[in-house]
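Asks: Kindly return the folded structure for what I paste below:
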Amino acid sequence: MKIYDELKARGLIAQVTDEEEVSRLVNAGEAKFYIGFDCTADSLTAGHFMALTLMKRLQMAGNKPVALIGGGTTMIGDPSGRTDMRKMLTREDIDHNAECFKRQMERFIEFGEGKAEMVNNADWLLDLNYVGLLREVGACFSVNNMLRAECYKQRMEKGLSFLEFNYMIMQSYDFYHLFKTKGVNLQFGGDDQWSNMLGGTELIRRKLGKDAHAMTITLLTDSQGKKMGKTAGNAVWLDPNKTSPFEFFQYWRNVGDADVMKCIRMLTFIPIEEIDEIAKWDDSRINEKKELLAFELTKLVHGEDEAMKAREASHALFAGGGDDSNMPTTELDVPDEGMNVIDLMLACGLAASKGEARRLIQQGGVAVNGEKVSDFGQIIEKAAFADGVKIRKGKKIFHKAIMK
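Replies: Numbering: from 1, shown residues only. Reported below is the predicted structural model:
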């Protein structure tokens with residue numbers, strides 16, 4: 001099976017400007033493509049999985065990836081999929097985040113001479129002269145067409161700032177610049193980026209009289225249409241200091257029954273033929289499918305050793321007790337009089353507020369060292385923290401608290 005056919009079989013392709021030409025380029029290993037990553041945090045997330053694995057698949061097929069770090073575009077902020085304006089970051093914050101991204105991408109993509117390349121659009125966007133830019137590309141963009149773009153619709157309801165309105169022009173300019181200077185002939189991105197990507201292909205056509213192409217990949221959503229990659233309102237990070245390998249494993253181990261095969265197809269590197277066989281397993285093996293997904297993705301991000309530790313810890317915990325050495329752990333300054341269970345939950349990030357902690361306890365969803373908590377005022381003695389206090393939230397979230 002050729003690589004383009006495999007992408008289709010995995011359900012990865014959403015929209016493409018010219019399927020015949022794009023499939024020819026990638027199947028022949030002649031695509032030099034880029035995907036952009038804005039540096040809005042100091043870690044990539046599970047939401048970036050689709051793009052990272054696509055780059056890896058295409059590189060394995062002989063194509064050349066260009067990972068674009070958005071040091072320049074992050075200073076504006078992408079309005080796509082947003083109802084509010086993104087937080088403004090300093091140049092120092094953006095540079096720090098970019099360095100963090102680079103380290104994480106190296107787990108997926110092979111960089112070096114003749115291999116993948118990494119660029120930062122701050123290198124050309126931040127030196128642009130505003131009047132010069134308007135004269136160079138301004139006439140190539142129709143305001144009427146821009147206002148109809150999907151990426152602006154949600155922001156229009158609450159008010160689209162002129163700062164954000166420029167984002168499409170900046171992203172289009174990236175493609176134009178990379179086409180001219182590096183021969184990049186394809187841009188890939190999430191399905192919510194389609195309008196921005198078409199802006200780039202049109203700018204290249206109008207300024208250079210040449211064709212460039214774009215393809216969007218399916219957004220990772222669950223069976224209710226919600227974006228995957230978040231848990232309890234927080235992102236699932238690829239940085240082990242922000243989301244431990246155990247928590248990462250547990251996130252994928254707990255995906256909905258209706259979503260597990262889709263995730264295996266889209267995100268893992270298990271051959272299609274094997275996936276087709278896995279899909280035939282009966283419902284009694286659903287947990288086996290989920291564990292396979294969790295192990296494969298944890299191995300991809302954190303390495304096989306960490307994936308095995310996370311799997312073993314999961315088995316031990318859910319069998320009742322067992323090894324908790326890989327459980328997420330928080331070190332605390334525990335007062336001599338001990339710590340109230342609600343304060344403990346807040347300190348460990350298991351509840352966002354005292355009200356939420358009380359509701360969880362009231363619903364019978366909290367246990368400390370295997371004993372269900374029913375008293376809001378329960379105090380955990382300081383001595384208990386010497387060996388670690390194990391907290392369970394719901395059925396599947398475990399955390400340990402120890403003394404500093």
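Asks: What sits closest to the residue nearest to the spatial centre of the chain if chain neighbours are left out?
Replies: In the chain, the centroid-proximal residue (CA atoms, centre = their mean) is Gly47; its distance is 2.3 Å. Among residues not flanking Gly47 along the chain, Gly229 sits closest, at 3.8 Å (CB to CB, 6 or more residues apart in numbering). For every residue, glycine as well, the C-beta is placed using N, CA and C.
Asks: Pull the number of nearby residues for that neighbour.
Replies: 18 (other CB atoms under 10 Å).
Asks: so Leu12 touches Leu54, yeah?
Replies: Yes. Taking CB atoms under 8 Å as the definition, Leu12 is a contact partner of Leu54 at 6.6 Å.
Asks: Looking at those two, which is more packed in?
Replies: Using other CB under 10 Å, the more surrounded residue of Leu12 and Leu54 is Leu54, with 23 against 20.
Asks: Name the residues contacting each of Leu12 and Leu54.
Replies: Residues touching both Leu12 and Leu54 (CB atoms under 8 Å, 6 or more residues apart in numbering) are Ile217.
Asks: so where is the stretch 1-150 of the chain shaky, pLDDT-wise?
Replies: Within the stretch 1-150 of the chain, the segments meeting pLDDT under 70 span 76-88, 150.
Asks: Show me the helices in it, by range?
Replies: Secondary structure of the stretch 1-150 of the chain by DSSP state H, counting those that start in this stretch: the helices cover 3-9, 19-27, 49-60, 91-105, 122-125, 130-137, 143-147, 150-158.
Asks: for these, which one ends up most surrounded?
Replies: helix 49-60 (a mean of 20; mean count of other CB atoms under 10 Å).
Asks: Tell me the gap between it and the middle of its chain.
Replies: 13 Å (CA atoms, centre = their mean, to the nearest Å).
Asks: same thing with stretch 54-63?
Replies: Chain-centre distance of stretch 54-63: 19 Å, with CA atoms, centre = their mean.
Asks: Quick check: which ranges of the stretch 151-300 of the chain have low pLDDT?
Replies: Checking the stretch 151-300 of the chain against pLDDT under 70 turns up 151-159, 230-234.
Asks: how about the nearest residue to Lys32, chain neighbours excluded?
Replies: Closest to Lys32 by CB to CB, 6+ apart is Lys64, at 4.6 Å.
Asks: That neighbour: how many residues sit nearby?
Replies: 19.
Asks: Mind checking the helices of the stretch 1-150 of the chain for the one nearest to Glu274?
Replies: Taking CB to CB, helix 3-9 is the member of these nearest to Glu274, at 12.4 Å.
Asks: Which other helices and strands does that closest one contact?
Replies: Where contact means 3 or more CB pairs under 8 Å, 6 or more residues apart in numbering; DSSP states H and E, helix 3-9 is packed against helix 19-27, helix 49-60.
Asks: coming back round to it: what separates the residue nearest to Lys32 from Ile109, distance-wise?
Replies: 10 Å (CB to CB, to the nearest Å).
Asks: Common neighbours of the two, please.
Replies: In contact with both Lys64 and Ile109: Ala116, using CB under 8 Å, 6+ apart.
Asks: before we move on, the earlier item: could you point out which of the helices and strands packed on helix 3-9 sits nearest Arg285?
Replies: Nearest of those (CB to CB): helix 49-60, 24.0 Å.
Asks: want to throw the helices and strands packed on helix 3-9 into a markdown table with distance to Ala357?
Replies: Output for the helices and strands packed on helix 3-9, formatted as a markdown table (distance: least, CB to CB, whole Å):
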| stretch | distance to Ala357 |
| --- | --- |
| helix 19-27 | 51 |
| helix 49-60 | 31 |
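Asks: who wins for proximity to Gly364 among those helices?
Replies: helix 49-60 (34.3 Å).
Asks: Can you get me a residue count around Glu337?
Replies: Count around Glu337 with other CB under 10 Å applied: 9.
Asks: if I look at the closest residue to Asp174 other than its chain neighbours, how far off is Gly138?
Replies: Leaving aside its chain neighbours, Asp174 sits nearest to Asn121 (5.2 Å; criterion: CB to CB, 6+ apart). Using CB to CB, Asn121 is found at 19 Å from Gly138.
Asks: which residues touch the nearest residue to Ala258 once chain neighbours are set aside?
Replies: Nearest residue to Ala258, sequence neighbours excluded (CB to CB, 6+ apart): Ser223, at 4.0 Å. Counting by CB under 8 Å, 6+ apart, Ser223 makes contact with Gly256, Ala258, Asp259.
Asks: redo that, cut-off 10 Å
Replies: Ser223 makes contacts with Val255, Gly256, Asp257, Ala258, Asp259, Lys262, as judged by CB atoms under 10 Å, 6 or more residues apart in numbering.
Asks: From Lys393, how far off is the second one?
Replies: When distances are taken as CB to CB, Gly256 and Lys393 turn out to be 19 Å apart.
Asks: okay, these two: which has more neighbours?
Replies: The neighbour count for Gly256 versus Lys393, taken as other CB under 10 Å, is higher for Lys393 (18 against 13).
Asks: Any chance of the backbone angles for that one?
Replies: phi -110, psi 120 (degrees, to the nearest 10).
Asks: helix, strand or coil for the residue nearest to it when sequence neighbours are not counted?
Replies: Ranked by CB to CB, 6+ apart and with sequence neighbours excluded, the top spatial neighbour of Lys393 is Leu350, at 4.9 Å. Look at Leu350: counting by DSSP: H, G, I helix; E, B strand; the rest coil, its state is coil.
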